Each structure stands twice: as C-alpha cells, then as structure tokens.
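Visitor: The following comprises the amino acid sequence and a computationally predicted model.
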Amino acid sequence: MTDANGPETTAQRNREDDLDPLSVDDAARASNAVIDNVEEVIVGHHEEIEHVLTAVLADGHVLVEDVPGVGKTMLARALSRSIDCSFNRVQFTPDLLPSDVTGVNVFNQKTREFEFQRGPVFANLVLTDEINRAPPKTQSALLEAMEEGQVTVDGKTRPLPDPFTVVATQNTVEQNRTYELPLAEVDRFMKKINLGYPDHEEETTMLDRVVGGHPIDDLSAVTDVQTVRRARATVSGVTVNGPIREYGSRLAGYTRENAALGVSPRGTIALLRAAQARAVLGGRDYVIPDDVQAEAPSVLAHRVRTEGGSARDGGRIVSEALDNVSVE
Amino acid sequence: MTTTSTSGGVYRAVAVGGLLALTASYVVVLHDLATVVGDSGLLFPVVVASLVSGVALSRVVGERTAVLLGAGLAAGGYAYYLVVTPGGLDVLITATDRIVSDAIAMLTGYSILRMTKAHVWSLGFAPAPVFLSWFLLARRRYVLSVTAGGIALLVLVLTGDAGTIPTLVGVVGAVAVVGFGELERRGGTLIQADVLIVLVVLMAVSSLWLPAVGGDGNKPLFLVPGGGGGAGGLAESTDRMTIQGETELSTEVRFTVESDRSEYWRVATYDRFTGREWIRSGTSADLDGQLSGPPGESVTVEQRVEVKTAMRAIPAAAEPVSLRGNARSPARVTAQGGLMTNSPLSPGDSYMVQSEVVTASPGELRNAGTDYPNRISSRDYTQLPDDTPDRVGERTSEIVEGLDNPYDKAIAIERYLERNNEYSLEIERPDGNIADKFLFEMDEGYCTYYATTMTVMLREEGIPARMVTGYTPGQQVEDDTYVVRGVDAHAWVEVYFPDHGWVRFDPTPSAERSDAERDTVQEARENDADGVDTEQSQGEPLRQTTTTDTPSTASSIERANRSRYAVSPDSARDENLPQLGGIDGTTGNSVNRTDASSSESTTADPSASGDDDGSPVPELPPPETMAWSLFLGLGLVAGAHRTGLTEKAYGVVRLYWQGSRGTPEEDVERAVERLDALLADEYRPRRPGETRREYIDALSLAGLDDRAERVVRIHERARYADGVQRDEAETAIRLVDSLVRERTRVVGKYVRS
C-alpha cells in the first residue's frame, strides 16, 4: 500500500520546536505583508483578514457564519495564494461521506495493491463550505482531522500538512435540511467570525477591481509555508504574564457566572493563544490586555450559550464581560 | 469587582446578622428576667430549637401554616404559664377581665419581673417570635420577619424590661434586616448600602440625644428611686429601684413627723433582686380598713405626718395598720404590706398613721426558729439571680460559720459589712451583681449597697429578707417632732422571724459620715437655700437625735451591747441622724413642684443624665463608649464615602505621592496609578473593562499629549513583558511628574518647582 500523491507529507509535519523562530519584527512584517496582499482582493474586511491570519499563526481553525456571496471563498483563496500554500475547497452536502473528505483506499489493478487516494482535507488551507449541510458522521471526520492534525483511514494514520487550517462556513439562511453543529464541535473552532456585507464605498471599490478580470488571478505570493511555520514558532514564544492569564481566567469566569454555558478551559487556552498571535501582529513579544480584548469576541462568543437564548446572546455576554471585568 | 451576586450574598449575610441582633436583643432581656427569678437554663435551648425549626420548616410548610403555628406557640406558651402559676387557671376561668387589665398594665410599664413566675413567662413567650421571624427570614420575607421579632421586642420595651442598649441593638438589627434584605432582593448597589449605613448610625446616635423610649419611662432618672428610698426628696414609692453610682443628697425638708417614738420611716419594700435592681413584685390593692400588724408582740406608734415637698409616697413606721388623713388619692397597700399611693402628695397634705412596731428581744428572736409561714415562703423572699457568683455564698458561709439561728447570722453579717466597707456617696456603680462587687471589689458604698448586700447574703443562707427604703428619724426639734430632709433618705434590711414578723437591721455604718451630713445641711443654711428648715427647726443646731427607741430594732439592741460602736440609737445621742444614704439630686429651691423632683434631679445630677445606667464618666472610656465610637466612626466613614470626601482626600495623595523607590516595576506601577488619578480628575475615570491604551486613545482626542501614552507603553512592558530597566522607570516617573505639575498648576507650584 502506497501513498499515491505527496511523499512529502510526513516530513511536512514538523513541530515548530525544530524550527528557528523568526524575530518578532520579521514575523510582524511578514504577517502584515500577507494582510496587505489579501486586501488587494478583499475590500473592507481588514479585521476579518487579521482574524483568519491569527488563526493560522495560532494553529487554530475558523468558522465563518454568513450569507452566501460575501467573499468567504475569495478570502481563503487569497490567503492561500499569499502564503503560497496548498488550498482545497469542499462543498458539504447531505450525501457527503467521510471518505469524501479524508480520502479512500483504492485498489490499483496494475500493481494489485490498495493505494490511498488523499481526500481534500490534505491541504494547508481547507475551505469547507456549508459545513452544517453534511451529516454528523462526515462533520466529525473533519473535526477529528482538525483536532488531531491527522487522518485515520482503514487503520492507518496519516499526518496532515503543516500548517493546517480549516476555514468552515455556515449558512445562516436556509436553515432547513441542515445538521446544526453540536456544541462540542463548535468548541473546536478557535474562532467564529462574520464577514458581513461591504458598505457602499467598499462595494464600489470592489466592483472597480473585478471589472475586466478578477484580481485574484494576478495575486502573487509574498511569503512561503516555511516562513509561516517559523512565524508560528514565534507566536508560541510570546510572553503571557500573570496578570494576563488572570484576566483571561476572569473573563471566562464571568461568562460561566452569567450564562447557562460559559467558556470552556479549551476556550480560555484558545483565547491566550490567539492573543499571542495578535501580539506578534502588533510587533510585540508580550501579550497586553488589548490583544486579549481584540481576540475575545471572536474566540469566546460562539462557546457561550444562554438559557434558551440564541447564539447571538453569546456575543452580548462576552461584550458584557469585557466591559465589567476590570483590566489590571 | 462588585458583581450583583457577591454583594447580594453580603447583603443577605448582613440581614441575617441583623435578625440575629434583633433576636438576641429580646432573648437577652428574657434571659435576664429568667435569671433573676432563678431558672434560665431552659431558655436558650428553647430559643435555639425555635430558630432551627423556623428555618427548617421554611422549606416545608407555607406561610399561613407557619403563622398558625406561631400563634399556637404563643397560646401554648401562655397556657403553660397559667398552668404553672399557682391560681393561674382559676384566673383564666373566673376573671378574664383581669387578664385583659393585666395585659394593659404590662404594656404600660408593668415590669415582667413583678410577675410571680417571670421565668415561666419568659419561657412561654420566646418560641413564637423566634420561630416566626426566622421562618420568614428564611423565606426572604424580611419586613414580615422583622414585624414578628419587633413585636416581641416592643412588648418588652413597653413593659419597661428592655433597656436602652437592647432596644437600640434590636432596632438597629431590624433596620439592617429590612434595609439589607431588600437590597439583596432587589440587587442593590454599594451606594445604596452607604445610605443605609449612614441611616442606621444616624438613627442610633440620635436616639442618644432623645429621651429613651418606653423602657426607661419607668426607670428612675434620679438615683435610688425606690420608694422614696433613695429619692431622698422625691420619695417616690416606685416598683423598681435601680442601684446607682455617685449620688448627692438634698437638704430640703421632705416632711415632718409627730411621733412619740423615734422610728425609721419606711417608704417601700422590695423582694426581687436582679443583680442591679430591686423590684417590688405582685400587685397592690386599695387600702381597705385595718391592716393586720405583725404576728407577735408589738407596740402601737401614732404618727402625724405633714408633707413639706411633693412626694409620691406615704412614709410610716413599720408595720402600718391604719391610715387617716387628707391624702388626696386613695392609699394602696402593696403585696408586701407597705403603703403607697399612685398620685403625689402635695405640700401641706397631712395624714395620721398608726403602726405596730415589733418589740421582740434578741433572745426571743434567737429562738424564733425557721418555721416560716406559707405567705412568707411563697413570696420568694429568698430569691436570688441565677448568676449570683458562688463566692458570695461561700463568703457568707465563712462569716456565719458556727451560728445556728437566723438572728445571730444576721447580726454577724451586719457587723461584717459595717467593718469591711467605708461609707461614701462618691462611688462608681460597678457592672454586674452589686452584692458581689460590694463584697469583693468595692471599698466604699452607701446605704443602698450595704442593704442590698446584706439582703443577698441573708438569702444565700436561706433566711427570708427584703430590701427597704425610707428615711431615718430625722432632726428632732421638739420632744415628739422630727424634721426629715432629703439627706435622711436611707435603705436598710428587714428580716422575717416566725411569730414576730419583719425586724429591721441596718448594716450601714453611721458614725463615720455623720459629720459630712451635718456639714451638708449647715452649708445649705449658710447659702440660704430654700426649704432647708421648717419654722421649728429654724436656727436649731443640728444636734444629736434622741431616740427613745430601745427594742424596736434588733440591731440597735445589739449595738447597745457593743461598745465599739460609738453611735447607736441606744447610746442615746447620735450627732444629727444615725443614718443617711439614699439619694437625691434636688438641691431644693423649688416650692411648687407637684410631680416630684424627678425631672429636676435628672438635670441636677450629672451621673443621672442621659444614659441607662447613669454611671459617671470614668477616666478611661468604658467598652460601651469604645463601641459607640467605633459605630460612629463607621457611620462617618460611610458618610464620607457617600459624599466622596474620602476620594477627594485620597485623590490628592494619589496624585503627588510617588513614595520611595522600589523595583523599577513597582515604581512604574505607582507612576501609572498617579497618572490614572490625574486623568480621572481631569477627564473621566478609566472604566473597568477599558485597557489603558484604549483609555489614552480616547483621551487623546480630548487633547492629551503623547507623554501619557509613553508612560502607558512603559507600564505595559513593566507589567506584561519581562520588566523594565531603571532608566525606563525613571522616565515614567518624570513624565507623570511633569503631567501632574502641568495639570494642577496651583498646587503644583508649591510642591516642586
């Protein structure tokens, strides 16, 4: 049994420990170059681009919830082009099988051996559209890949490329015939963001650009996968001092006191990790409360549920927490 | 961080504390009542059981059921009292109207202590309010809970048994329950708590300046109230007599007596002792015809008394048997066989009283035995408070060791007291049991202390004895006329002997202080004080009084045989009067007083003004004062907090005080705090969830320059990164200094150039 494509996969999955981290300044420069580059294509979503990039740097995954056609796919493609990494897109449908995501062993008549046909999940950046349309079994196959950074098919475990970031989208309209993501699975996304419509000015600018040829086609890479890995090592080394850990813990505590389901410890860890990436974006090797505050809404809100409330209430609770928990 | 939930918990805790205080206030009063009559052991278990069952049942039964249960408890308690009290059931059946009138009497200041079975009453009374109030508290019905507890306290206030302190504690507790309970229920804020604290303290403090409520209406503001006992002048025959501290006697003439015998003029007798108060238990009845005199041999003494200053008493030699005269209101006779009146006698009133004076000889008294008739033993003339220290009884046993009859024991005790304590009116009233303190801790005291102690010691020996107040014979101006002044007020002891009756003993040493008394009168004469003399006594020197009395007081008989006593009635010539004591605050220049001099004595006597126990101001503040200061301080702090005064004062310090250098990180921390304070003054305080960056960004729109931002950046490194260097810390301090100076020009000029 052989791996049909990509003998480099095992080598790809290097831990950042083995890498030589970039200096904070270099990491910040590279990150901002990527953001600027993506903004060539995506108009008016500076913050969201930052969020996706910090998720990549913090080794997390992003859930995008929005109406169709606001540029979710474009954002992912632009990002993958900018950092020159592999990119796959899967449209989730009710009849999608787990093997359609992870890959399957196919019998090769010539060699009379089973060969592993890698699924779309084997890419640095995976865009899964309308994740809530696939049946739970398929969803969980993806979620396992997200959590473990590897895929197991027919008893053989194969590591995924590194970096590996899933950008999943969820449609907020057409809620019928969907499988809502269980809370435990939502928790595995580091952040959840909304893109939203561009305003009038932004939309005009965007239309100017697309007329006569889409700018995505002209987009060139500004960095490479290796640099992203080194930048990620930089992120891991960012200082998170006592007061910040305390602050994160009190924010989580506030949500637990004021909602039926508060932020899990996994959420708190994700918050500080995202804040580290945010600090690197700001050119600092230490986290300040502003980093935590910038990341808290996208990292925490989708993990909070109020009694019988809608998902929107999570955002309200988190913003209350940010207002009320004192910064020290 | 103040969240609603945590402060809610605090408020609830304070509310619970408040109800504890309220409950304690009336339980303590009930306990004191029970202690006096002798059996307080059951009270606390009953209270705790009621409390626990109240809280426990709050989750089980509804409020209606609980109220019914409470009513049942109250009814059960009263029924228990009636069953235990002799004759109680008969009263219930035959004289329901008396129960009603008794209830009214109680609520108008009739002390529960005057009930024969006060301890049983306490026991029956306690469960209902405790149960109900804690039940309701557990269900967060704060107002109702306080109503239940408050009614209990109110009853005790109205009966006059709850003193100022328990009342105050109870009321403050009640306010705390309602205030903080409601704060908790409605999720109040710290500001509202401030208001409440200020309110509570104001209320408590203002109560100090206002006349106390009910509880003290009956309480003598003059010194030894008692049947005029003390009240030298006033001579009011009250139902209770609080033992006071330092006292001063009036030189005003109270009344004159024409009598062929020199006697002690008795005003009131007390049977129940609380440790600091004497109570006359039982009710009085209209004087109807002849009273039965003493059972044994006696001599009849006719007295004609003319009232010179208003007094609510009918002084007479013991035992009075009949009364004639123009006293305006009908005389009444107490359960102890004394005379009293409910309305004051006016100057000019006069009455004739006939008394039967016991004439038993020492030998007869020695042989009288201890076969006390039922009416004496049932009156509980051997009652002592439960908490009387054991050493009193032990010391008494030592004194009377080897003596086998009550008479010899009484003489021994009398001699012991005369020998061991000095006479003085200038003393401080001790806390706790008067008899115990006088016996073991005090060196001096006056008649009330001597008589109280002797009575207690006799009772320790099981000898029926009672406390008596009244007047010594006074100044003899003619063969059979005595002028009695306020200074003649006195207290002594009566001991019961089977087949003879009540016999007088006087443990107060007389000789030591007769000079002082004479001086008092002389001084008053020299100052032309009004009322010092009658026509007859005008110009008469204060010579010794001739006492014709030989056998009437047992102690005088004994004294005749004891040469060591320089002065005794028997040795005939006593300079001025043998005894003084008692008390009177009046200095005697009002003539037309009708309702006694109590109000005046209040003002005249420094020790009687104001608070409950009338203790004079000691050198070191007593615990109460300390507690008050603390309490007041709390109020002031809350008030200052409320008005923002503390913040203002603190603010100035915060701005300028960098303090001594510590680590660079600490210095930066301090500098940024000063920056916070400065910006809070000038713009607005930083909101809790606002980071300093956001704060400075927001303020930079309002004109803040980049120095603040530089400080904040340095602070971020100090706090969130691996620290800062000394020079960075100095930079931060310098920047803040310059900002502070610039922003507060006026002050800044004087602080640093």
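Guide: Cool, got the structure.
Visitor: Residue 193 - how many residues pack around it?
Guide: In the absence of a named chain, this looks at chain A. A:Ile193 is flanked by 26 other residues according to other Cβ atoms under 10 Å in any protein chain shown. (Each C-beta comes from the backbone N, C-alpha and C, glycine too.)
Visitor: Switch to chain B, please.
Guide: B:Ala193 has 20 nearby residues by other Cβ under 10 Å.
Visitor: next one: B:Ala71
Guide: By the criterion of other Cβ under 10 Å, B:Ala71 has 12 neighbours.
Visitor: Next up, the contacts around it.
Guide: By Cβ atoms under 8 Å, 6 or more residues apart in numbering or on different chains, the contact set of B:Ala71 is B:Ala128.
Visitor: need the residues of chain B near chain A, please.
Guide: B:1, B:3, B:5, B:687-694, B:716-717, B:719-722 (Cβ under 8 Å from any Cβ of the partner chain).
Visitor: Quick check on the residues you listed: which are buried?
Guide: With burial judged by 16 or more other Cβ atoms under 10 Å in any protein chain shown, the buried subset of these is B:689-694, B:716-717, B:719-721.
Visitor: could the residues you listed be laid out in a markdown table, adding secondary structure and pLDDT?
Guide: Shown next, in a markdown table, are these (DSSP: H, G, I helix; E, B strand; the rest coil; pLDDT from 0 to 100):
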| residue | secondary structure | pLDDT |
| --- | --- | --- |
| B:Gly689 | coil | 84 |
| B:Glu690 | coil | 86 |
| B:Thr691 | coil | 86 |
| B:Arg692 | helix | 86 |
| B:Arg693 | helix | 86 |
| B:Glu694 | helix | 86 |
| B:Glu716 | helix | 86 |
| B:Arg717 | helix | 85 |
| B:Arg719 | helix | 85 |
| B:Tyr720 | helix | 86 |
| B:Ala721 | coil | 84 |
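Visitor: from the stretch 1-150 of chain A, which residue is nearest to chain B?
Guide: A:Val24 (11.3 Å; Cβ to the nearest Cβ).
Visitor: Could you list which residues are in contact with the residue nearest to that residue when sequence neighbours are not counted?
Guide: Counting by Cβ to Cβ, 6 or more residues apart in numbering or on different chains, A:Asp285 is the residue found nearest to A:Val24 once chain neighbours are left out, at 4.7 Å. Shown in contact with A:Asp285 (Cβ under 8 Å, 6+ apart): A:24, A:237-239, A:279, B:721.
Visitor: ok so, going back, adding distance to A:His51, write the buried ones among the residues of chain B next to chain A out as CSV.
Guide: Below are those laid out as CSV (distance: Cβ to Cβ, whole Å):
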residue, distance to A:His51
B:Gly689, 21
B:Glu690, 22
B:Thr691, 19
B:Arg692, 24
B:Arg693, 19
B:Glu694, 19
B:Glu716, 23
B:Arg717, 26
B:Arg719, 26
B:Tyr720, 22
B:Ala721, 24
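Visitor: Report how many residues lie close to whichever residue of the stretch 301-450 of chain B sits closest to chain A.
Guide: Closest approach between the stretch 301-450 of chain B and chain A, counting by Cβ to the nearest Cβ: B:Asp431, at 49.3 Å. Using other Cβ under 10 Å, B:Asp431 is surrounded by 14 other residues.
Visitor: contacting residues for it?
Guide: B:Asp431 neighbours (Cβ under 8 Å, 6+ apart): B:Lys437.
Visitor: swap in A:Ala274?
Guide: A:54-55, A:58, A:60, A:190-191, A:295, A:298-299.
Visitor: again, but for B:Leu699
Guide: Contacts of B:Leu699 (Cβ under 8 Å, 6+ apart): B:679, B:683, B:708.
Visitor: And B:Leu323, by the same measure?
Guide: B:287, B:314, B:316, B:331, B:339, B:351-354.
Visitor: So which of these belong to helices?
Guide: The members of the contacts of B:Leu323 all map outside helices under DSSP state H.
Visitor: who wins for most neighbours among these?
Guide: Most surrounded of the contacts of B:Leu323: other Cβ under 10 Å gives B:Ile314, at 30 neighbours.
Visitor: roughly how far apart are A:Arg230 and A:Ala274?
Guide: Distance, A:Arg230 to A:Ala274, using Cβ to Cβ, to the nearest Å: 19 Å.
Visitor: Thanks a lot, catch you later.
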